[in-house]
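> Provide a 3D model corresponding to the input given below.
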Amino acid sequence: MTCAFTSGKVILEAAILTTVVVFSLIAYTFWAARRGKDFSFLGPFLFASLIMLLVFGFIQ
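Purely as a prediction, here's the structure:
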């Protein structure tokens, strides 16, 4: 109910924050890959996170 009154401001804030996070992670990935860092160890964490988000979405 609260979001209905300030939805434009909340949506704009969420879009800006999401854009900043995405571009900062992309920049870090390019920087780390250039230095030879390997992200293959993140596979199991990403899979577990995806499953948790799907279950949470079904519960909601």
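> count of neighbours near residue 36?
Residues near residue 36, counting by other C-beta atoms under 10 Å, number 6. (Glycine included, C-beta is placed from N, CA and C.)
> does it sit in a helix or strand, and which one?
For residue 36, there is no enclosing helix or strand under DSSP states H and E.
> Next one: it from residue 46, what distance?
21 Å (C-beta to C-beta, to the nearest Å).
> same thing with residue 18?
Between residue 18 and residue 46 the distance is 18 Å, computed by C-beta to C-beta.
> Going along the chain, name the helices of this protein.
All helices of the chain, identified by DSSP state H, fall at 2-5, 7-34, 43-59.
> tell me the mean pLDDT for the longest one?
This means helix 7-34. For helix 7-34, mean pLDDT rounds to 89.
> going forward, begin numbering at 217 instead of 1
Sure, I'll start counting at 217 from here, so that last one is helix 223-250.
> May I see the buried residues of it?
When burial is assessed from 16 or more other C-beta atoms under 10 Å, helix 223-250 yields no buried residues.
> next one: phi and psi at residue 251?
phi -90, psi 0 (degrees, to the nearest 10).
> For burial, what's the neighbour tally of it?
6.
> So it versus residue 276, what's the distance?
Going from residue 251 to residue 276 by C-beta to C-beta gives 40 Å.
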